[in-house]
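Asker: Fold the following and give me the result.
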Amino acid sequence: MSKTALLVMDYQAGIISRLSLPENHLQLLANTIDTARPYAKIIYVTVAFRPGHPEVSASNATFSAAAKSNSFVSGSPETQIDPVIAPKEGDILIEKKRVSAFTGSGLDLVLKGLGVETLVLAGISTGGVVLSTVCEAADKDFKLVVLKDFKIFSKRGEVLGAEEWLQKLKA
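Answerer: The predicted structure is shown next:
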């Protein structure tokens, strides 16, 4: 069993639709995921709430708008992963309730259950999910790699291009 997991974070319709991604961004990510699959566990992390958003306080600056507009409800169109990078059999889906991939998601238990030691992060927001997850993962003693092709953040772990990481993974 691989001790590496690739976290594909916040690549969901309700977030992608608000951004201007480079034309080949999703295809590059799809190629990275498909090439990594034999060597690493693929884990998709999305933002999703229960109906009525009981997890969201009115004082939460990040998610109170989602609660007011009744968006990002689990199973809703906003939570769907783009078909270009859609999960395949054996991949794991995690729903988080805050910015970090760990908060309110059970990700810790999944990673422990899989025996994961190294996290490779591909996230759609450097100042959001990537930063929050890098900080929390570093505190939890995971080895970290951030794929710079998607978002750059280097202080707490390695920053590699997707191709460079795939070559190391295969070695």
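
Asker: Run the chain-centre distance for the worst-scoring helix or strand of the chain on mean pLDDT.
Answerer: Lowest by mean pLDDT, DSSP states H and E among the helices and strands of the chain is strand 158-160, with a mean of 73. Computed by C-alpha atoms, centre = their mean, to the nearest Å, the chain-centroid distance of strand 158-160 equals 16 Å.

Asker: before we move on, what about stretch 115-124?
Answerer: With C-alpha atoms, centre = their mean, you get 8 Å for stretch 115-124.

Asker: before we move on, back to that, okay, the first helix or strand past the least confident helix or strand of the chain going along the chain in CSV with CA atoms only?
Answerer: For strand 158-160, the following helix or strand on the C-terminal side (DSSP states H and E) is helix 162-170. Only the C-alpha atoms of helix 162-170 are listed here, as CSV (Å, rounded to 0.1, in the frame of the first residue of the first chain):
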residue,chain,number,x,y,z
ALA,A,162,3.7,18.0,-11.4
GLU,A,163,6.0,16.3,-13.9
GLU,A,164,8.9,16.5,-11.5
TRP,A,165,6.8,15.0,-8.7
LEU,A,166,5.6,12.2,-10.9
GLN,A,167,9.1,11.3,-11.9
LYS,A,168,10.1,11.1,-8.2
LEU,A,169,7.0,9.1,-7.4
LYS,A,170,7.9,6.5,-10.1
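
Asker: Run through the neighbouring helices and strands of the least confident helix or strand of the chain.
Answerer: When contacts are defined as 3 or more C-beta pairs under 8 Å, 6 or more residues apart in numbering; DSSP states H and E, strand 158-160 sits against strand 143-147. For the C-beta atoms, the positions are set from N, CA and C on the backbone; glycine is no exception.

Asker: circling back to that earlier point, mind listing what's buried along the least confident helix or strand of the chain?
Answerer: Across strand 158-160, burial judged by 16 or more other C-beta atoms under 10 Å covers 158, 159, 160.

Asker: Work out the sheet partners of it and label each with its direction, please.
Answerer: Its sheet considered, strand 158-160 pairs with strand 143-147 (parallel) by DSSP bridges.

Asker: tell me the angle the strand it pairs with makes with helix 162-170.
Answerer: Angle of strand 143-147 versus helix 162-170, following axes from the mean of the first three to the mean of the last three C-alpha atoms, to 10 degrees, is 150 degrees.
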